[in-house]
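> Just need the structure, nothing else, for what follows:
(chains A and B)
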Amino acid sequence: MRRARRSRRSALLLLSLVATSLALRAQDAPDTYAQQIAPLLESRCGACHGPAKHKARLALHTPDAIRAGGESGAVLVPGDPDASELLRRVELPADDDDHMPPRGKPQPEPSERALLRAWIAAGASFGDAAGTPHDVSADTRGTDPRAPAGDGTRAAPAAPIVPDPTAVAHLREELVHVETDDPSTGLLWVSCVSRPDVDGAILAGWLAPLRDAVVELSLAGTRVDDASLASLAAMPRLVRLDLARTRITSRGLPALARAPSLRVLVLTGTPLDGTAVASLAALPRLERVSLWGTGLSDDDLQRLRALRPALVVHDGRDETEAPLHTEDEIVLGAPADATSLVSAESAETARHDGQAASAEALAAAAEAALRPSNTRCPVSGDPVDPRFVIVFEGRALGFCCKDCPARFWADPSAFPGRD
Amino acid sequence: MDPREERFLHLTRRRFFGSAARTLSGALGSMALGSLLGAAAPFGGDPRRRAGVDFRPRARRVIALHMEGAPSQLDLFDHKPGLRERYDEELPDSIRQGQRLTGMTSGQSRFPVAPSIFRFSRYANAQDGIWISELLPHTAALAHKLCFVHSMHTDAINHEPGITFFQTGHQQPGRPSFGSWISYGLGSSNENLPTFAVLISQGLGNMQALSSRFWGSGFLPSEHQGCRLRSSGDPVLYLADPPGVARADRRRMLDLVAELDAREHARSLDPEIDARVAQAEMAYRMQMSVPELVDLSTESDETLALYGPDVRTPGSFASNCLLARRLAERGVRFVQLYMRGWDAHSNLPREIRAQCGAVDRAQAALVIDLERRGLLDDTLVLWGGEFGRTVYTQGTLTKDNYGRDHHPRCFTIWMAGGGIRPGITVGRTDDYGYNIVENPIDVHDLHATLLQLLGLDHERLTYRHAGRDFRLTDVFGRVRPELLA
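Numbers count the residues shown, from 1 in each chain, chains lettered A, B, ... in the order given. Below is the predicted model:
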């Protein structure tokens, strides 16, 4: 069971994993065919085209068998996925009679089909030459830097990344969370949330084989420090980096300027100071940064906003907004809003009609006497709403909303421009 | 996956492990392929592969604030000022359209309209603003970050089936809870804590029973059930070692039991044995991680103040909101918080005032706190009850008191973060707040949409049980793009 045996036995396995990973690296890069393609062909095709059965005289369990093809000829054209019968069959619509694997059999995942295509495109190598390092600079070209953060914008590789499985397995043994962020790219989300004890040097060792594959990295609360930032900045596809509650300081931040894809940076709760502003402003692709609970002052934050107006800065300030408008007192059984608004006209009509002064009419008459003498609110300059009137220096002064009178009373001399 | 296939896979994977020493590179390659691309991955790996993930996730975790008992949408969010002049008028048959009644109001001779007595204010959002009740000023002040759905509807009319439906996608008990599906589909991102945590706050209004099966895993392996964290005594029952047992003793015991379990598993391949071993190991790690999790003394006074004075009372909604943030911060996938006490059949104004007093500040604080810590990007907050409440009164209607019965045809929920479009209102109800007139969204649609945000295709996240593939959304559900950022 997963991680059930964390004692000596798993330590042994771990040792052997490390040994293997070293051995693999010694032979150069990972062997795509042996590690990825062969197991894929075995699991998806092996039942009919494996050692036991050769339907249509095709077997796919050894390189020689694959090269030999089947009764209709070669199934692979190295370097040309579209001319490769194997891939054509796999990519046909599921209800096509020629589609493989046949209906009802386990189908390859989209990422597995993509992997197959990428492998053929790269030359369908069966061994030594498979580990050509990916041209990262080509991948990051063509992404739109203006796209908002968090909308899925990724430095999408031209072909799916195949993360070093040994390194991934090793991280998982260490209880570091590794998850495929997007199956179509193979990029990884790595989170050290269960390993707050991990420090920068250890982490650098673990992540080095995966530097091309990590797109999001959560190191919140770990013991990474400024010395780790250079190796993090060297991750070509790293888009989101969470360093909350770490010991990162302003002195370390300039190293991140070399991170080519970094768009979202979380520095909540780190001991920064004002010198961080220049370093943050210099991060070329940064779109969003969390700076709450750092040592940055209001002035520092303002400077950062001035330097990078488009940058979204989360600082925990001014999160809330006051209401635009509040309704009047509620009166049930009467039309809404009109209840407190007996208009001046109707009050005058009542007087002309010489009717007995009901309480309502009296109120209305009083309101008529309070008809504002001004047309524009002295506080906001907006048109006066006749519901909001005060008596000031012997005359009725109208306002645009319920809030302005209070501001006026706070310091009447501040609003001399009333008409 | 077919359980027989799954057993076969277990067996196959065991063989890989067994032969690892002899053919290291080959077997390791296959093993790791299993982790990266494989299916059931019983020996660790990327459980998202189980579901055949098609999308990049926008949300990595969910905090679901379930308002048990069903808050009144009419007194909180669904502003119907026109009803005030219809005070005490009979609800027209043309509006009710034969809607069935619960046992609580089926004996009433009249169904008089009870307008809300609470004043609403309009708050700015990404559209032309939203009206929110005076009862929720702190929440309302965040309207520009929230997505309100006025047009939720459900099939159920009573609490048990209503909550069961909202949590599991089915009115009858026995299906896995939403959190269990997430645990199954995404797995843990912190091996030291449960993947699906449940927190319960007692309400101040009329409360209904809260069954633990609301967070049960149904037919999914039992390691996916919700783990309730208690507010008094040990947060997790029986987690602490008994007096006299040292941690090293516990380790030796677990190793021995695991060895026996492994023998039994090799014989029977029973997945429940895996679950048992996994739970025991997690409990061992939780002995260290849970005391740290629930220790709020490391929170700053400023943060505690943000959640309000109740935060110092264990089990309060405020305290549980803070705990929910701490769980999210530690990578827990699904936090289900229940706030009880919204079932205001009578004395609604008094009860809802008390309920809102308990939740308003804390839930707003949760959103603010998540955002300022950089967590709202990928944490989805969901707030809502199991249904709505009626526009007509239950019991006597006066100008300052009324009650409201259960109403399945429309209710309001809100969401924030995690790929949800902020500052919008979706859906509209009629002038009585009784029927949906625009954009109805049912519980299955909500589930499908949330799964998509978590990177899971609701039609492909399945589990074979009793001879068929089950889904959270059964045979229903449509992803609703209008909710997505």
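> Spell out which residues make up each domain of the chain.
This is for chain A. Structurally, chain A divides into domains by automatic domain parsing as follows: A:23-125, A:165-314, A:321-369, A:371-419.
> if you could check chain B rather than the one you did, that'd help
Taken from automatic domain parsing, chain B resolves into B:1-45, B:57-240+B:300-483.
> what about the longest one, average pLDDT?
The average of the pLDDT scores along domain B:57-240+B:300-483 is 95.
> swap in the shortest one?
For domain B:1-45, the per-residue pLDDT values average out at 39.
> likewise stretch A:71-83?
In this model, stretch A:71-83 has an average pLDDT of 84.
> Remind me what the helix or strand where residue B:179 lies packs against, helices and strands.
Per DSSP states H and E: residue B:179 is located in helix B:178-186. With contacts defined as 3 or more Cβ pairs under 8 Å, 6 or more residues apart in numbering or on different chains; DSSP states H and E, the packing partners of helix B:178-186 are strand B:61-67, strand B:196-201, strand B:334-339, helix B:443-453. In this view, the C-beta of every residue, glycine as well, is placed from N, C-alpha and C.
> Show me what from the stretch 301-419 of chain A comes close to chain B.
A:314-316, A:319-337 (Cβ under 8 Å from any Cβ of the partner chain).
> what's stretch B:154-163 in contact with?
Residues external to stretch B:154-163 that are found in contact with it (Cβ atoms under 8 Å, 6 or more residues apart in numbering or on different chains): B:66, B:68-70, B:100, B:102, B:164-166, B:171-172, B:208-211, B:214, B:343, B:386-387, B:406, B:408, B:411, B:442-443.
> Need the buried ones from those residues selected in ChimeraX.
Selecting only the buried entries of the contacts of stretch B:154-163 in ChimeraX, with 16 or more other Cβ atoms under 10 Å in any protein chain shown as the criterion:
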select /B:66,68,69,70,164,165,166,171,208,210,214,343,386,387,406,408,411,442,443
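> picking up where we left off before, winner for burial among the domains of chain B?
Ranked by mean neighbour count, the domains of chain B are led by domain B:57-240+B:300-483 with a mean of 21 (mean count of other Cβ atoms under 10 Å in any protein chain shown).
> Now do that domain: distance from first to last residue.
This stretch, domain B:57-240+B:300-483, spans 15 Å end to end (Cα to Cα, to the nearest Å).
> Residue B:192 and residue B:285 touch, don't they?
Yes: assessed by Cβ atoms under 8 Å, residue B:192 is found in contact with residue B:285 at 4.4 Å.
> And the helices in the stretch 51-200 of chain B?
In the stretch 51-200 of chain B, the helices defined using DSSP state H, counting those that start in this stretch lie at B:73-76, B:93-96, B:137-140, B:159-168, B:178-186.
> Tabulate the CA atom coordinates of the fourth one in PDB.
Meaning helix B:159-168. In PDB, the C-alpha atoms belonging to helix B:159-168 read as follows (Å, rounded to 0.1, in the frame of the first residue of the first chain):
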ATOM      1  CA  HIS B 159     -33.400  18.400   4.800                       C
ATOM      2  CA  GLU B 160     -32.200  14.900   4.800                       C
ATOM      3  CA  PRO B 161     -32.800  14.300   1.100                       C
ATOM      4  CA  GLY B 162     -31.900  17.900   0.400                       C
ATOM      5  CA  ILE B 163     -28.400  17.800   2.000                       C
ATOM      6  CA  THR B 164     -27.900  14.200   0.700                       C
ATOM      7  CA  PHE B 165     -28.700  15.500  -2.800                       C
ATOM      8  CA  PHE B 166     -26.500  18.600  -2.500                       C
ATOM      9  CA  GLN B 167     -23.600  16.500  -1.200                       C
ATOM     10  CA  THR B 168     -23.800  13.300  -3.200                       C
END
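> Tell me the gap between it and the middle of its chain.
Helix B:159-168 sits 11 Å away from the centroid of its parent chain (Cα atoms, centre = their mean, to the nearest Å).
> With the first one instead?
Here the centre of mass of C-alpha atoms in helix B:73-76, compared against the chain's by Cα atoms, centre = their mean, lies 21 Å away.
> That one near chain A anywhere?
No: residues of helix B:73-76 are not located near chain A by Cβ under 8 Å from any Cβ, the shortest gap being 11.8 Å.
> Does anything pack onto that helix? Which helices or strands?
In this structure, helix B:73-76 packs against strand B:130-133, helix B:348-372, strand B:388-393, strand B:411-416, with contacts taken as 3+ Cβ pairs under 8 Å, 6+ apart.
> picking up where we left off before, out of the helices of the stretch 51-200 of chain B, flag the one nearest residue B:55.
The minimum distance between residue B:55 and the helices of the stretch 51-200 of chain B falls on helix B:178-186, with 12.1 Å, by Cβ to Cβ.
> relative to strand B:334-339, how tilted is the closest one?
170 degrees (axes from the mean of the first three to the mean of the last three Cα atoms, to 10 degrees).
> Any idea which helix or strand in chain A has the lowest mean pLDDT?
Using mean pLDDT, DSSP states H and E, the weakest-scoring helix or strand in chain A turns out to be helix A:136-140, at a mean of 34.
> For the residue nearest to residue B:428 when sequence neighbours are not counted, grab phi and psi.
Sequence neighbours aside, residue B:438 is the residue nearest to residue B:428 in space, at 4.0 Å (criterion: Cβ to Cβ, 6 or more residues apart in numbering or on different chains). Backbone torsions of residue B:438, given as degrees, to the nearest 10, read phi -150, psi 130.
> From residue A:114, how far out is residue B:438?
Taking Cβ to Cβ, to the nearest Å as the measure, residue B:438 falls 40 Å from residue A:114.
> number of nearby residues for residue 251?
Using chain A here. By the criterion of other Cβ atoms under 10 Å in any protein chain shown, residue A:251 has 14 neighbours.
> my question was about chain B
Residues within reach of residue B:251, counting by other Cβ under 10 Å, total 13.
> repeat for residue B:253
By other Cβ under 10 Å, the residues close to residue B:253 number 14.
> Chain A contacts on the stretch 301-450 of chain B?
B:329-331, B:364, B:368, B:371-374, B:377, B:399, B:419.
> Please tell me how far the closest residue in space to residue B:389 that isn't next to it in sequence sits from chain A.
Among residues not flanking residue B:389 along the chain, residue B:404 sits closest, at 3.6 Å (Cβ to Cβ, 6+ apart). Distance of residue B:404 to chain A, given as Cβ to the nearest Cβ, to the nearest Å: 16 Å.
> same thing with residue B:482?
16 Å.
> How about the secondary structure of that residue?
Under DSSP: H, G, I helix; E, B strand; the rest coil, residue B:482 falls in the helix class.
> Quick check: the residue of chain A found nearest chain B vs residue B:411, distance?
Nearest residue of chain A to chain B, counting by Cβ to the nearest Cβ: residue A:165, 2.8 Å away. Distance from residue A:165 to residue B:411, counting by Cβ to Cβ: 48 Å.
> Same question for residue B:344.
Residue B:344 is 14 Å from residue B:411, by Cβ to Cβ.
> Please enumerate the shared neighbours of these two.
Taking Cβ under 8 Å, 6+ apart as the contact rule, residue B:344 and residue B:411 both touch residue B:389.
> Next up, the contacts around residue A:384.
A:372, A:374-377, A:398-400.
> so which two of the residues of the stretch 301-450 of chain B next to chain A are the farthest from each other?
Farthest apart among those by Cβ to Cβ are B:331 and B:399. That separation is 51.0 Å.
> any idea how far the lengthiest strand in chain A is from the chain center?
Longest strand in chain A by number of residues, with DSSP state E as the criterion: strand A:385-392. For strand A:385-392, the separation from the chain centroid amounts to 49 Å (computed by Cα atoms, centre = their mean).
> Which elements pack onto the next helix or strand after it?
Remark: after strand A:385-392, the chain's next helix or strand is strand A:395-399, criterion DSSP H and E. Counting contacts by 3+ Cβ pairs under 8 Å, 6+ apart, strand A:395-399 packs against strand A:385-392, helix A:404-410.
> Throw those into a markdown table and include mean neighbour count and mean pLDDT, thanks.
Putting the helices and strands packed on strand A:395-399 into a markdown table (neighbours: other Cβ atoms under 10 Å in any protein chain shown; pLDDT from 0 to 100) gives the following:
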| stretch | mean neighbour count | mean pLDDT |
| --- | --- | --- |
| strand A:385-392 | 16 | 79 |
| helix A:404-410 | 15 | 84 |
